[in-house]
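Novice: The sequence isn't on hand, but the structure is:
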């Protein structure tokens, strides 16, 4: 070996030895005479505590509801009652418009309602008149029918009398003049009967006409009633359109924008000028983007804590109100919205915030330091110290919060677990626990 190479190797050995002395590992090997090296290890006992899976993401505060207000109809702004920063209540008048044509239309539609109601009354009176006409026609028909009976009786009487006189005439007991007189009276009775029968037909026709007039009058009442309903709906429509003269607050909140002054002519619809923007203030929403790794664990109802740098780190409690369910393909994040009550109005839309979402929580879980767990061949292990020997234990791990790992099975609370570098120990290797303040005997009082 060349002298320069020997000097380089010697220097590297000294540096390695110096590094070991400066940074003392948790597992130390102390050789003993006649035996395998005994590793000195630091051990801890499993502890029961609440373990949480959380994700902390930056976001910004948004109003739970923000509504831009536009005019529904064209009109001149007659008055403006609020300005930016004003707190408003639901239904409060923000501005009023002047629309004379709408007022005139409403007055006309209301007049049509009154006219239709008058038509109903008129049609009702016509029904009563028609009922009286039907009653009169029925009485006339009854009277005529009674005349038929009298006429039939007269015809029967003179027919019998004619038969008797005719018999007497044959027997030469009566003169021919009496027979002719009786015959004339019979024909007169038959003519009177025919006349009464014609009067019956006339009376029945008059009765049918009266009943038809009654039906028509009743139909006119129904038609007039429908006209009232149509006119009433037209008036309600006109009244609804007239209500657009007032610009009302949609909910309790704060006016964040004002874009109108007295005298402005409004343009209907969302394409016209913006009148006001009202933001709800009693509840705010913090929108954050949850990374893909944590997205499946974040669901509505998860508790969350919101911290604001602008308020000197003050925190507010809330819950995840909703998620987008689907991740944004551009950022691979899940949009989660945390609703926080804001009764004092401290939280304002636009402020930067940090939201810590508790995706999962297991209280009273048996835990060990995360450094005490290692993986081998796809399985999780811890090393416990028993009778001066290191024993590998396969464990089932639950939640891991970054510092502590939940042990679902494989350990007992009384076990002593190697705190770190457990993977370097061989199963059955002799170990010597390092005295720690936790394991040191407490002085007797």
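Specialist: Perfect, thanks for sending it. This structure is a prediction, so every number in the text was calculated from the model and none was measured.

Novice: if you go through the protein in chain order, where are the helices?
Specialist: Along the chain, counting by DSSP state H, helices occupy 3-22, 100-170, 176-243.

Novice: Looking at these, spot the one closest to residue 368.
Specialist: Closest approach to residue 368 among these is made by helix 3-22 (26.7 Å; C-beta to C-beta). (C-beta placed from N, C-alpha, C; glycine too.)

Novice: Mean confidence (pLDDT) on that closest one, please.
Specialist: The pLDDT scores in helix 3-22 average 34.

Novice: could the helices of the chain be laid out in a markdown table, adding mean neighbour count and distance to residue 262?
Specialist: Shown next, in a markdown table, are the helices of the chain (neighbours: other C-beta atoms under 10 Å; distance: least, C-beta to C-beta, whole Å):
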| stretch | mean neighbour count | distance to residue 262 |
| --- | --- | --- |
| helix 3-22 | 9 | 80 |
| helix 100-170 | 15 | 17 |
| helix 176-243 | 15 | 20 |
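
Novice: Quick one: closest of the ones you listed to residue 354.
Specialist: helix 3-22 (37.4 Å).

Novice: Of all the helices of the chain, which one is nearest residue 261?
Specialist: helix 100-170 (20.3 Å).

Novice: quick one: the closest one to helix 176-243, angle?
Specialist: Orientation check (axes from the mean of the first three to the mean of the last three C-alpha atoms, to 10 degrees): helix 100-170 against helix 176-243 gives 170 degrees.

Novice: ok, back up a step: quick check: which of the helices of the chain is nearest to residue 297?
Specialist: It is, among these and with distance given as C-beta to C-beta, helix 3-22, at 40.8 Å.

Novice: thinking residue 383 is in contact with residue 389, fair?
Specialist: No: using C-beta atoms under 8 Å, residue 383 is not in contact with residue 389; the gap is 10.0 Å.

Novice: between those two, which one's more packed in?
Specialist: residue 383 (27 against 14; other C-beta atoms under 10 Å).

Novice: Distance of that one relative to residue 397?
Specialist: The gap separating residue 383 from residue 397 is 15 Å, by C-beta to C-beta, to the nearest Å.

Novice: okay, the helices of the chain in a markdown table with distance to residue 289 next?
Specialist: Output for these, formatted as a markdown table (distance: least, C-beta to C-beta, whole Å):
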| stretch | distance to residue 289 |
| --- | --- |
| helix 3-22 | 42 |
| helix 100-170 | 48 |
| helix 176-243 | 42 |
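
Novice: which stretches of this protein have low pLDDT?
Specialist: 1-36, 145, 162, 169, 171-176, 179, 435-445 (pLDDT under 70).

Novice: Any idea how many residues pack against residue 365?
Specialist: 20.

Novice: One more: the one 10 residues further on?
Specialist: Using other C-beta under 10 Å as the criterion, residue 375 is surrounded by 10 other residues.

Novice: Show the contacting residues for the nearest residue to it once chain neighbours are set aside.
Specialist: Leaving out its chain neighbours, the residue that sits closest to residue 375 by C-beta to C-beta, 6 or more residues apart in numbering is residue 381, at 7.4 Å. Residue 381 is in contact with 373-375, 392-395, 422-423, counting by C-beta atoms under 8 Å, 6 or more residues apart in numbering.

Novice: So in terms of bridging, what pairs with the nearest residue to residue 291 once chain neighbours are set aside?
Specialist: Distance criterion C-beta to C-beta, 6+ apart; nearest residue to residue 291, sequence neighbours excluded, is residue 333 at 6.0 Å. Legend: beta-bridge partners of residue 333 under DSSP bridges are residue 291, residue 328.

Novice: and the gap between residue 333 and residue 54?
Specialist: Taken as C-beta to C-beta, the span from residue 333 to residue 54 is 16 Å.

Novice: hey, what's residue 405 bridged with?
Specialist: Applying DSSP bridges, one finds that residue 405 bridges with residue 368, residue 400.

Novice: So it versus residue 395, what's the distance?
Specialist: Residue 405 is 9 Å from residue 395, by C-beta to C-beta.

Novice: Report the set of residues contacting both of those two.
Specialist: residue 373.

Novice: okay but residue 200 is in contact with residue 148, surely?
Specialist: Yes: Residue 200 lies in contact with residue 148 (C-beta under 8 Å); the separation is 6.0 Å.

Novice: Run a quick neighbour tally on residue 432.
Specialist: With neighbours defined by other C-beta under 10 Å, the count for residue 432 comes to 14.
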